[in-house]
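> predicted model and sequence follow; I will ask about them next.
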Amino acid sequence: MNSTRMRDKVFRLATVDADAALHLARGVPDPWFRAQALAAVARWIEEHRVETVARESLASARSCDDDYKRAAVCVWPIRALLERGQEQPAIHALREARQCALAATPAASQAEALSGLLQGA
């Protein structure tokens, strides 16, 4: 199964079995789609595990291969943190993602990443 299909399966599974979705999300090979999958799990997992799973999503985002991707995919876990009432970790993640966005090239990628972060937060 490719990364996109795995991510989509995680999206469907997270609402009914967050633990199974977490297990599947951790196996998504591409860091972009793994970050999205883990963020989906963070939206549905038990309250005491939200920040941990979101941090895992952010770590996956950091392993993307360029600054645009590292910043843009952070929108997913930042949004999950905010939806779950985790404002301080979301603000910290937003600051880090903003730095990646500002380092992105070309300027159009920088603008797109910053716009995404603004919309997500």
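Looks like it arrived, so ask away. Numbering: from 1, shown residues only.

> can you tell me how far V50 is from L82?
As judged by C-beta to C-beta, to the nearest Å, V50 and L82 stand 11 Å apart. Any C-beta I mention is one placed from the backbone N, CA and C, and that applies to glycine too.

> those two: who's more crowded?
Neighbour totals were compared for V50 and L82, and V50 leads with 22 against 17 (other C-beta atoms under 10 Å).

> the longest helix in this structure is where?
Longest helix in the chain, counting residues (DSSP state H): helix 87-103.

> who touches the following helix or strand past that one?
Reading on from helix 87-103 to the C-terminus, the next helix or strand found by DSSP states H and E is helix 107-120. Helix 107-120 has contacts (C-beta atoms under 8 Å, 6 or more residues apart in numbering) with 67-68, 71-72, 74-76, 78-79, 94, 97-98, 100-104.

> swap in stretch 79-98?
With C-beta under 8 Å, 6+ apart as the test, stretch 79-98 has contacts from 39-40, 42-43, 47, 50-51, 54-55, 57-58, 61, 70-71, 74-75, 77-78, 113-114, 117, 120-121.

> tell me where this protein has helices.
Per DSSP H, the chain carries helices over the ranges 3-14, 18-26, 31-44, 50-62, 67-72, 75-83, 87-103, 107-120.

> give the buried residues for the longest one.
So the one you mean is helix 87-103. 89-90, 93-94, 96-98, 100-101 (16 or more other C-beta atoms under 10 Å).

> could I have that helix exported to CSV, CA atoms only?
What follows is helix 87-103, C-alpha atoms only, in CSV (Å, rounded to 0.1, in the frame of the first residue of the first chain):
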residue,chain,number,x,y,z
GLU,A,87,-2.5,26.1,22.6
GLN,A,88,1.1,26.3,24.1
PRO,A,89,2.5,23.3,22.1
ALA,A,90,0.7,24.6,19.0
ILE,A,91,2.3,28.1,19.4
HIS,A,92,5.7,26.5,19.9
ALA,A,93,5.3,24.4,16.8
LEU,A,94,4.1,27.4,14.8
ARG,A,95,7.2,29.3,15.7
GLU,A,96,9.4,26.5,14.5
ALA,A,97,7.4,25.9,11.3
ARG,A,98,7.5,29.7,10.6
GLN,A,99,11.3,29.5,10.7
CYS,A,100,11.3,26.7,8.1
ALA,A,101,8.8,28.6,6.0
LEU,A,102,11.1,31.7,6.0
ALA,A,103,14.0,29.5,4.8
